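J.: model this:
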Amino acid sequence: MASHRKSRPTGNLATALRTPALATAALTSVALLSQSARASPAADDRPSLEEVEKKVDDLYRQAESATEKYNAAKEKTATQRKRVDTLLDDIAERTQKLNEARERLGSFAAAQYRTGAAVPDTATFLLADSPQDLFDQSQVMDRLTGRQKAAVDDYFTQQSETMKQRREATESLRTLTKSQSDLKTAKATVQQKLTAARELLAKLNAEEKARLAAIEKRKQEEAARKAAELARQQQAEQQAEQQRRDEAAAQQDEQSSDSSGTGASDASGTSGGTSATDSSYSTKADKALAFARSQIGKPYVWGATGPDSYDCSGLTQAAWKAAGVDLPRTTYDQVNAGTTVPLSQARPGDLVFFYDDVTHVGLYIGNGMMIHAPKPGAYVREESIYYDGEGSIHSVVRPA
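T.: Numbering: from 1, shown residues only. Reported below is the predicted structural model:
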């Protein structure tokens, strides 16, 4: 007998049950992907570690460039102020002399009035005792009046010229003062950017900080490698130079045994002069380096010339001043304050300049190393001259 019970639609029911579940899962996946898609641009907007480092380095460069421009403007302003002060003193002196001349002229006029010397020419003629007396009076009056008038005219001319110079100097000083103010404002803006960059660095997590430290370490290792390479090159050149000198000395000794020694004496004198020059420079350089080493650990401060802090050119200026050599204030002027030499011939005490705009300088100590005040937030230290790459080195100058 056939059963009247309906069969269970197992297949269709399972499919029906699975379909909503799959739909829900699909919708969830789409939602998650949509959220990820929306989130990815925000993540991409965050700069990479390399970009953060480059941004900070660029801002440091801008700050140091602004520092050197500020130093130059400050120096020009001081010079202009001295000129204005001199002109003001000159004006005061000339005005005093002018007042004295006016008083003398007034006294002379009063004397003329009291003695009747100022009467008309006809009366003078009629009252004269004799023709000679008339002639003498006229000559004296003309001569004295002309001399006094010339003196007054001269002082008026001098006063006018001095006042003109004063206006020019005052305007020049106003312009320089405004430039200095603009530079201060620009420097403040750069410092704000530096603060923002430091805050960005501070937000890095431990892993990112470790990666950034690894990047910096690789840069330092490369800089140290290049410094060691330069040291080997310089040592090889020094040995070759010493060998040439030894051979020249041996040849000179050989010639002196076969001659009277006249030529040998001349050569000896030339060699002695060169040696004396080298010795003099080395003595001064040793003093400059000793001073620079004693400043290690002091902070970089823009515009500072010591004794508690320095900027880059302030340190080199102070170091060579300790050796009795006066250098200009800014990198722009220091780069022209000596003899340019090849990097391979750099000697301790030489100035090493950086970047195309010559905005940084350090004191070479040998073996590819230098002492310098690096940048805001850093301290005076020893470092490879390749600290910012070989391409950053501008020139080497021997200042004495």
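J.: make it CA atoms for all contacts and neighbour counts henceforth
T.: OK.
J.: now do the same for G261: its pLDDT.
T.: Per-residue pLDDT puts G261 at 49.
J.: residue ranges of the strands in the chain, please?
T.: 339-341, 351-354, 360-366, 369-372, 381-384, 393-398 (DSSP state E).
J.: how about the shortest one, which residues are buried there?
T.: This points to strand 339-341. In terms of neighbour count (16 or more other CA atoms under 10 Å), strand 339-341 has its buried residues at T340.
J.: show me what that strand is packed against.
T.: With contacts defined as 3 or more CA pairs under 8 Å, 6 or more residues apart in numbering; DSSP states H and E, the packing partners of strand 339-341 are strand 393-398.
J.: hang on, isn't P348 packed against K284?
T.: No. With contact defined as CA atoms under 8 Å, P348 does not reach K284; the gap is 10.2 Å.
J.: in JSON lines: the strands of the chain, plus distance to K69 and mean pLDDT.
T.: Below are the strands of the chain laid out as JSON lines (distance: least, CA to CA, whole Å; pLDDT from 0 to 100):
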{"stretch": "strand 339-341", "distance to K69": "23", "mean pLDDT": "96"}
{"stretch": "strand 351-354", "distance to K69": "15", "mean pLDDT": "98"}
{"stretch": "strand 360-366", "distance to K69": "12", "mean pLDDT": "97"}
{"stretch": "strand 369-372", "distance to K69": "19", "mean pLDDT": "98"}
{"stretch": "strand 381-384", "distance to K69": "24", "mean pLDDT": "97"}
{"stretch": "strand 393-398", "distance to K69": "18", "mean pLDDT": "97"}
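J.: among the ones you listed, which is nearest Y70?
T.: Of all those, it is strand 360-366 that lies closest to Y70, at 13.8 Å by CA to CA.
J.: before we move on, the earlier item: generate CSV for the strands of the chain, with distance to T195 as supplementary columns.
T.: Formatted as CSV, these follow (distance: least, CA to CA, whole Å):
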stretch, distance to T195
strand 339-341, 37
strand 351-354, 24
strand 360-366, 21
strand 369-372, 23
strand 381-384, 23
strand 393-398, 27
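J.: what's the closest of these to P299?
T.: strand 381-384 (9.6 Å).
J.: residues in contact with that closest one?
T.: 223-224, 227, 296-297, 368-374 (CA atoms under 8 Å, 6 or more residues apart in numbering).
J.: next: stretch 78-95.
T.: 155, 158-159, 162-163, 165-166, 169-170, 172-173.
J.: any idea which of these the model trusts least?
T.: Y155 (65).
J.: low-confidence regions, the stretch 251-400 of the chain specifically.
T.: 258-276 (pLDDT under 70).
J.: all helices for it, in order.
T.: Per DSSP state H, counting those that start in this stretch, the stretch 251-400 of the chain carries helices over the ranges 262-294, 312-321, 331-334.
J.: tell me the helices and strands packed up against the second one.
T.: What it means is helix 312-321. Using 3+ CA pairs under 8 Å, 6+ apart: helix 312-321 touches helix 262-294, strand 360-366, strand 369-372.
J.: using PDB, list the CA coordinates for that helix.
T.: Extracted in PDB, the C-alpha atoms of helix 312-321 (Å, rounded to 0.1, in the frame of the first residue of the first chain):
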ATOM      1  CA  CYS A 312      78.900  75.800  12.000                       C
ATOM      2  CA  SER A 313      80.800  78.900  10.900                       C
ATOM      3  CA  GLY A 314      80.800  80.300  14.400                       C
ATOM      4  CA  LEU A 315      82.800  77.200  15.500                       C
ATOM      5  CA  THR A 316      85.400  77.400  12.700                       C
ATOM      6  CA  GLN A 317      85.800  81.200  13.300                       C
ATOM      7  CA  ALA A 318      86.400  80.700  17.000                       C
ATOM      8  CA  ALA A 319      88.800  77.800  16.500                       C
ATOM      9  CA  TRP A 320      91.100  79.700  14.100                       C
ATOM     10  CA  LYS A 321      90.900  82.800  16.200                       C
END
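J.: and it with strand 360-366, angle?
T.: Angle of helix 312-321 versus strand 360-366, following axes from the mean of the first three to the mean of the last three CA atoms, to 10 degrees, is 40 degrees.
J.: for the strands of the chain, which one sits closest to A288?
T.: strand 360-366 (8.7 Å).
J.: and the contacts of stretch 78-95 as TSV, adding neighbour count and distance to Q191?
T.: Below are the contacts of stretch 78-95 laid out as TSV (neighbours: other CA atoms under 10 Å; distance: CA to CA, whole Å):
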residue	neighbour count	distance to Q191
Y155	19	53
Q158	17	49
Q159	19	47
T162	17	43
M163	16	41
Q165	17	38
R166	20	37
A169	19	32
T170	17	31
S172	16	28
L173	20	27
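J.: at the geometric centre of this structure, which residue do we find?
T.: Centrality entry for the chain: nearest residue to the mean C-alpha point is E68, 2.5 Å, by CA atoms, centre = their mean.
J.: now do the same contact list for it.
T.: 303, 330-332, 359.
J.: what's the distance between it and Y60?
T.: Using CA to CA, to the nearest Å, one gets 13 Å for the distance from E68 to Y60.
J.: count the neighbours of E168 for me.
T.: Number of residues near E168 (other CA atoms under 10 Å) recorded here: 13.
J.: so for it, what's the pLDDT?
T.: E168 is given a pLDDT of 78.
J.: what do you get for K55?
T.: 79.
J.: apart from its chain neighbours, what residue comes closest to A224?
T.: Spatial nearest neighbour of A224, excluding adjacent residues (CA to CA, 6 or more residues apart in numbering): S384 at 6.0 Å.
J.: if we can go back for a sec, out of the contacts of strand 381-384, which are buried?
T.: Of the contacts of strand 381-384, these count as buried by 16+ other CA under 10 Å: 223-224, 227, 368-374.
J.: quick one, phi psi at the closest residue to A227 other than its chain neighbours?
T.: Nearest in space to A227, with sequence neighbours left out and distances taken as CA to CA, 6+ apart, is G368 at 4.1 Å. Backbone geometry at G368, expressed as degrees, to the nearest 10, gives phi 70, psi 20.
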